[in-house]
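> Pasted the sequence and its predicted model underneath.
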Amino acid sequence: MLTPARFTTPAFQPAGWNGPSAALSFTSAQPAGPVFSYFAVRAAATGWRPGNRNALGYPQTWTKTYPDGVPGTLSLLRTGRSATETRVTYTLTASSPAVA
């Protein structure tokens, strides 16, 4: 899902711009370790720095500053699995602040 930058006026925060973002949900039959490892290797290879780590010790957030100074954020979250499912759902999100 692609979300364009938009101006918001939340009830308990100052008004301002929320930057653009893109989210991709996918399922995998692989254990969580190889899934997070796969994205960690690719993120590092393209200049993303790891941030928060999940309970397994793998990075689940990354940050990067582009050459024009605009910061970006990536996150990979395990978003669902029931006890009877053999596949796990993940959501990969990329975002950046709105730039005027």
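Alright, I've got the coordinates. Residues are numbered from 1 along each chain as shown.
> quick one, longest strand in this structure?
Counting residues, the longest strand found in the chain (DSSP state E) is strand 71-80.
> what mean pLDDT would you report for that strand?
Regarding strand 71-80, the rounded mean pLDDT is 92.
> Can you give the distance of it from its chain's centre?
Centroid separation between strand 71-80 and its chain, computed with CA atoms, centre = their mean, to the nearest Å, is 2 Å.
> For F36, see how far away S96 is.
Taking CB to CB, to the nearest Å as the measure, S96 and F36 are separated by 22 Å. Where C-beta positions appear, they are placed from N, C-alpha and C, glycine not excepted.
> quick one: the helices in this protein?
In order along the chain, the chain carries the following helices (DSSP state H): 32-45.
> residues touching S75, list them.
Contacts for S75 (CB atoms under 8 Å, 6 or more residues apart in numbering) come out as 60-62, 91-93.
> Kindly apply the preceding question to L24 instead.
Applying CB under 8 Å, 6+ apart, the residues near L24 are 91-93.
> Between those residues, which sits nearest L2?
Comparing those against L2 with CB to CB places T93 closest, at 11.2 Å.
> correct me, but the closest one touches A22?
Yes: if you go by CB atoms under 8 Å, T93 and A22 touch, sitting 7.2 Å apart.
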